[in-house]
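S.K.: Give me a model of this one.
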Amino acid sequence: MFDNSVGDRFARSLVPMSGSMVEFPVNGKSSSGYLSVPLSGSGPGVIVLQEWWGLVDHIKDVADRFAAEGFVALAPDMYHGESATSPDDAGKLMMALDIDRVEKDLRGAIAYLLSRSEVTSEHVGTVGFCMGGQLSLSAACANPAVGACVDFYGIHPSVTPNLESLQAPVLGFFAEKDDFVPPAAARQLEADLAVAGKTANITVFEGADHAFFNDTRTEVYDADLAATCWTRMLTFYREHVT
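M.R.: Model (predicted):
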């Protein structure tokens, strides 16, 4: 399915994670997230948004990968300490999200990241996977501080981004064999963004499954596609997150 040399280059690191948990203010309360800073000590900011499983090691690893590429990455904990290992439990956590609180958490996370002395950009990038993909788009629509939005097969039935208010360009990655977000849904998003006059590049990958980027899901992971999307995403952020 993929070239082993590509897979080896893109595989999860065997070294300990380089980031740490931090707390940040949200509407008079506090929230938490995983922050990873590059060895250089500074760089543009990226918000990494979790799948329905929660702020698990895979998402922290993605934040560390961004740090290795020179970005300051923050993965906010949208479940506030909870996570799941079964689809049933993950679905319950996703559907139990307080959408109003989610919006506040995202605003707080973006403001906190931009307030960090290590962050050199005036805007942040957002990226999310599955549930997080829809939250990435929603955050970009709600916050002009988002300079670039990446959506990996985003879905959440209770989150409807206001595309009219979107200012950031969108890069979307979807899968042909996705039962959660079928190709028709991806094409509808593409059409809606075009009608709204927004800049977007949506790709539906032939033969790919939902969660093809997640290298802990061996039954659906595609190293070639993951590496392709990673490279395209980094190029996209380096152009737009300034």
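
S.K.: what's the following helix or strand after the lowest-mean-pLDDT helix or strand in the chain?
M.R.: Every helix and strand of the chain was ranked by mean pLDDT, DSSP states H and E. The lowest is helix 4-10, at a mean of 37. Counting by DSSP states H and E, the element after helix 4-10 in chain order, helix or strand, is strand 20-26.

S.K.: What's the separation between Pro161 and His58?
M.R.: Pro161 is 24 Å from His58, where distance means CB to CB, to the nearest Å. Yep, even glycine has a C-beta here, placed from its N, CA and C like the rest.

S.K.: Mind checking which of these two has more residues around it?
M.R.: Neighbour count, other CB atoms under 10 Å: between Pro161 and His58, Pro161 has more, with 24 against 18.

S.K.: what bridges to the residue nearest the centre of the chain?
M.R.: The centre of the chain sits closest to Gly128, judged by CA atoms, centre = their mean, with a distance of 2.0 Å. Beta bridges link Gly128 to Leu49, Asp151, judged by DSSP bridges.

S.K.: shouldn't it be in contact with Asp151?
M.R.: Yes: counting by CB atoms under 8 Å, Gly128 does reach Asp151; the two are 6.7 Å apart.

S.K.: Overlap of the contact sets of those two?
M.R.: With contacts taken as CB atoms under 8 Å, 6 or more residues apart in numbering, the residues that reach both Gly128 and Asp151 are Gln134, Ser136, Leu137.

S.K.: In contact with the residue nearest to Asn162 when sequence neighbours are not counted, which residues?
M.R.: Nearest non-adjacent residue to Asn162, counting by CB to CB, 6 or more residues apart in numbering: Cys141, 4.8 Å away. Applying CB under 8 Å, 6+ apart to Cys141 gives the contacts Pro161, Asn162, Leu163, Ser165, Leu166.

S.K.: now for those, which pair is the farthest apart?
M.R.: Put simply, by CB to CB the two of these set farthest apart are Pro161 and Ser165, 8.6 Å from each other.

S.K.: thinking again about what came up before, format the shared contacts of Gly128 and Asp151 as a markdown table; extra columns: secondary structure and neighbour count.
M.R.: Below are the shared contacts of Gly128 and Asp151 laid out as a markdown table (DSSP: H, G, I helix; E, B strand; the rest coil; neighbours: other CB atoms under 10 Å):
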| residue | secondary structure | neighbour count |
| --- | --- | --- |
| Gln134 | helix | 24 |
| Ser136 | helix | 30 |
| Leu137 | helix | 31 |
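
S.K.: Please enumerate the helices of this protein.
M.R.: Along the chain, counting by DSSP state H, helices occupy 4-10, 57-68, 87-95, 99-115, 131-142, 183-195, 223-240.
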